[in-house]
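Enquirer: Give me the fold of what follows.
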Amino acid sequence: MEEQQKDLRIVELYLARDEAAIAETERLYGSFCLQVSLGILGDRRDAEECVSDTYLRVWNSIPPDRPRSLKAYLARIVRNLSIDRIKANRAMKRSHELEMALEELDDCIPADMDGRPYGSADALTEALPTLLNSFLYTLAEEEWQLFCGRYWHNRSVKDLARSHGLTPKAVTMRLSRTREKLRKYIEERGYTL
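Expert: Residues are numbered from 1 along each chain as shown. Okay, the predicted model is just below:
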């Protein structure tokens with residue numbers, strides 16, 4: 001019963017737009033929110049940021065919301081923010097892997113007729129997809145799997161090494177050789193890099 005009365009008092013502070021509400025929320029539920037977030041994220045710094053974002057989210061949602069259980073309300077918000085953080089972290093990691101993979105291809109994929117690099121939105125000529133497809137048919141099975149795994153499926157070198165029973169260094173070397181083959185294949189068909 002005592003917790004419910006404290007919750008009501010804190011909610012009233014939010015409704016009155018009194019900034020003491022945040023301090024009281026942190027004092028009463030800060031460690032609880034941190035535990036919830038840490039349990040999801042496993043990283044203290046990310047969890048602390050999610051808890052801070054939780055206080056802002058509560059400030060912006062009360063009013064109009066008027067939760068009966070502030071603890072449950074906080075738990076839902078911090079949990080959702082923590083899940084969103086995991087998704088964002090994974091997306092950033094994928095984005096970084098994609099950036100690295102595209103940089104690796106820079107030396108073996110030509111600019112298009114107007115001189116725009118491969119990475120630009122409309123840079124690929126009509127011939128390049130056909131060239132790439134025909135090149136892939138020249139590769140041995142494992143070479144093809146590594147190349148497509150890296151540059152089509154955006155898998156990390158470490159992941160490819162683990163799934164093919166190779167060292168990351170061996171995968172990097174094989175990908176480098178395959179990119180060199182691709183560069184030569186494209187040049188032999190009249191495209192300059």
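
Enquirer: low-confidence ranges in this protein?
Expert: Residue ranges of the chain with pLDDT under 70: 1, 91-98, 102, 107, 109-127, 191-193.

Enquirer: Mind naming the longest helix for it?
Expert: For the chain, the helix with the greatest residue count under DSSP state H is helix 70-105.

Enquirer: For residue 37, which non-adjacent residue is spatially closest?
Expert: residue 47 (3.8 Å; C-beta to C-beta, 6 or more residues apart in numbering). In this view, the C-beta of every residue, glycine as well, is placed from N, C-alpha and C.

Enquirer: For the host helix or strand of the one you found, which helices and strands make contact with it?
Expert: Using DSSP states H and E, residue 47 sits within helix 44-61. Judged by 3 or more C-beta pairs under 8 Å, 6 or more residues apart in numbering; DSSP states H and E, helix 44-61 is in contact with helix 20-41, helix 70-105.

Enquirer: Recalculate using a threshold of 10 Å.
Expert: Helix 44-61 is packed against helix 2-15, helix 20-41, helix 70-105, with contacts defined by 3 or more C-beta pairs under 10 Å, 6 or more residues apart in numbering; DSSP states H and E.

Enquirer: tell me the most buried of the ones you listed?
Expert: Highest mean neighbour count among those (mean count of other C-beta atoms under 10 Å): helix 20-41, with a mean of 18.

Enquirer: That helix: how far from the chain's middle?
Expert: Relative to its parent chain, helix 20-41 has a centroid offset of 25 Å by C-alpha atoms, centre = their mean, to the nearest Å.

Enquirer: Neighbours of residue 43, how many?
Expert: 16 (other C-beta atoms under 10 Å).

Enquirer: For it, what are phi and psi?
Expert: According to degrees, to the nearest 10, the main-chain angles of residue 43 amount to phi -130, psi 120.

Enquirer: I'd assumed residue 37 was in contact with it.
Expert: Yes. Contact status for residue 43 versus residue 37: in contact at 9.2 Å, counting by C-beta atoms under 10 Å.

Enquirer: on that earlier part again, how much space between the residue nearest to residue 37 and residue 85?
Expert: Residue 47 is 9 Å from residue 85, where distance means C-beta to C-beta, to the nearest Å.

Enquirer: I'd like the helices and strands packed on helix 44-61 written out as JSON lines, with distance to residue 167 added.
Expert: JSON lines is the format used below for these (distance: least, C-beta to C-beta, whole Å):
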{"stretch": "helix 2-15", "distance to residue 167": "55"}
{"stretch": "helix 20-41", "distance to residue 167": "31"}
{"stretch": "helix 70-105", "distance to residue 167": "18"}
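
Enquirer: For residue 54, find the nearest of those.
Expert: helix 70-105 (4.4 Å; C-beta to C-beta).
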